[in-house]
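>>> got a sequence here, can you build the structure:
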Amino acid sequence: MELTRNQWTEADGIEFQKYLLTLSKGPDKAAWEKRIVNTEMPCIAVDAKIVGNIVREISKGNFMEFLDLNLWDNFTNTSINGSLICKIKDFDLMTKYLMAYAEKIDNWASCDLLKFNIKESNKEHYFSLSQELMSSRKTFVRRMGFTILFKLVDDDSYIDRIFSAMNSFENEEEYYVNMVNAWLFAECFTKQREKTLEYLKTHKLNKFTINKGVQKCRDSFRISPEDKEMLLRFKKK
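Model prediction:
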């Protein structure tokens, strides 16, 4: 199917849905995907590399018209939409589409696939967006907010604000939010070691998050054996 188009019609959308089904790895893989992603969305199990190629080809053309087809029939469709939304250069327009996406998702993978185009000129916009998302009542919208912060960790002007945001989830009860907070802690330690050690003196991370964060550090190839041993003293019993 031709994916690089100047125009996408409703008929093209129907053809695209049929095309995706021809790429499915079958019902057994679809059932496996559904379990791993832990989603209520239908799953058709299209290989991730193929999905990436589809996104690249669509993005070469008028991908905004593709997005406006509102194809949300399954997890693969949703993944394609999420990846394309991140390619929208205008921040306000990207945010509009992202908020519609946020209403659709129900799983960790739909958050983690987002690759935001964060530049020096729009960092503050993205940080503000992260805080808005993190204030949501919806589990996976909060997780989406965390995914933005990963891109700001190595900027000294944001690290203390990131620590503050992490602390604000002291009473978080949702597994998928606490887990991404733990991943973020490990990223902070890897890229901002000295500041993260200072943060550890007064942090407000809950037991699950700090223990998982320490474990993520200990599993990392980017952290020295000495630091892995040292971090054990920050685990909570």
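
>>> local confidence estimate at S121?
S121 carries a pLDDT value of 93.

>>> an error on my part: the question was meant for K237.
For K237, the model assigns a pLDDT of 88.

>>> I210 versus that one, what's the distance?
11 Å (C-beta to C-beta, to the nearest Å). Every residue, glycine included, has its C-beta placed from N, CA and C.

>>> over to A30?
37 Å.

>>> where does pLDDT dip in this structure?
Along the chain, segments meeting pLDDT under 70 are nowhere present.

>>> show me the longest helix that occurs in it.
Taking DSSP state H as the criterion, the chain has its longest helix at helix 175-191.

>>> so what's the gap between it and the chain middle?
Centroid separation for helix 175-191 versus its chain: 12 Å, with C-alpha atoms, centre = their mean, to the nearest Å.

>>> now it: buried residues?
176-190 (16 or more other C-beta atoms under 10 Å).

>>> in three-state terms, label I105 for me.
Assigned with DSSP: H, G, I helix; E, B strand; the rest coil, I105 falls in the coil class.

>>> ok, the closest residue to it other than its chain neighbours - contacts?
Excluding its sequence neighbours, the residue lying closest to I105 (C-beta to C-beta, 6 or more residues apart in numbering) is F140, at 5.2 Å. For F140, the contacting residues are 102, 105-108, 110-111, 176, by C-beta atoms under 8 Å, 6 or more residues apart in numbering.

>>> what helix or strand does F140 sit in?
helix 139-149 (DSSP states H and E).

>>> same question, Q215
Using DSSP H and E, Q215 falls in helix 207-219.

>>> residue closest to the middle of the protein?
Centroid-nearest residue in the chain: D112, 2.5 Å away (criterion: C-alpha atoms, centre = their mean).

>>> pretty sure F146 contacts M179?
No - using C-beta atoms under 8 Å as the test, F146 is too far from M179 to be in contact (9.6 Å).

>>> and the residue lying closest to the residue nearest to the centre of the chain once chain neighbours are set aside, how far from N81?
Closest residue in space to D112, ignoring its immediate chain neighbours: T147 at 6.4 Å, by C-beta to C-beta, 6+ apart. Per C-beta to C-beta, T147 is found 16 Å from N81.
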